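Enquirer: Next one to model:
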Amino acid sequence: MVETHEARISRTRQQYREAHDRLVARLSGVPVEAAERPPADGGWSAAQIGWHVAAVDAAFAALISGARPSLSLPKDFTERSWQDIAETTPVKLEATGPSVPPEVVTLGDALAALDASAQKVDAALQGLTPERGARFGVTHRSVGTVSLYQVGEWAVVHTIRHNAQAKRVLGI
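Expert: Numbers count the residues shown, from 1 in each chain. The predicted structure follows:
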């Protein structure tokens, strides 16, 4: 059975909010020093991870809302499931450009950025029309071509992925 626009948007918004809230709870539930300390073996601190998620979410919101251009999908475009996309997505990805966090990110800055970006994602999803959701999208090196509906779903899986990363970095 095909999911209606309203049901898909409602599901995506709920899943995003749940994933976002879990990440915020994880970051809020540790001492500031632990969240801001980079791992001994290198990589991002938990605060930097949160900042990165916020930066990517803001970019996703801009695509979904139309503030950032998207591409018109071919008439024969068919969405792939996230399970299929995940099977072809590299295990390790390198962030680039404006999604790379500064060298030092405070926990407060990460939480504020996460709050602001979550509001943008929610508003963008709420304003997404069925035509834009299905007929426009983006092509990215890590996931291939996805619809704007799927960009919202990507925000969910991206947040879940980085929550697991933050958990590993924090050793919990």
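
Enquirer: quick one, phi psi at the closest residue to residue 158 other than its chain neighbours?
Expert: Setting aside the residues directly before and after it, residue 158 is nearest to residue 56 in space (C-beta to C-beta, 6 or more residues apart in numbering), at 5.9 Å. C-beta here means a position set from N, CA and C on the backbone, and glycine is covered the same way. Per-residue torsions, residue 56: phi -70, psi -40 (degrees, to the nearest 10).

Enquirer: got the contact list for the strand or helix carrying residue 11?
Expert: Per DSSP states H and E: residue 11 is located in helix 5-28. For helix 5-28, contacts defined as C-beta atoms under 8 Å, 6 or more residues apart in numbering pick out 3, 35, 46-47, 50, 53, 57, 107, 110-111, 114-115, 118, 121-122, 125-126, 128-130, 133, 149, 152-153, 155-156, 159-160, 162-163, 166-167, 170, 172.

Enquirer: For PyMOL, what selects the buried ones among those residues?
Expert: PyMOL command restricting those to the buried ones, with burial defined by 16 or more other C-beta atoms under 10 Å:
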select buried, resi 35+46+47+50+53+57+107+110+111+114+118+121+122+125+128+133+149+152+153+155+156+159+160+162+163+166+170
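
Enquirer: Check the gap between the residue nearest to the spatial centre of the chain and residue 124 for me.
Expert: Closest residue to the average C-alpha location of the chain: residue 155 at 2.9 Å, with C-alpha atoms, centre = their mean. Here the criterion is C-beta to C-beta, to the nearest Å. By it, residue 155 lies 9 Å from residue 124.

Enquirer: got it, and residue 114?
Expert: 16 Å.

Enquirer: same check, this time on residue 148
Expert: Residue 148 is 9 Å from residue 124, by C-beta to C-beta.

Enquirer: okay, and the common contacts of the two?
Expert: In contact with both residue 148 and residue 124: residue 64, using C-beta under 8 Å, 6+ apart.

Enquirer: what's the neighbour count on residue 48?
Expert: Per other C-beta atoms under 10 Å, the neighbour tally for residue 48 reads 24.
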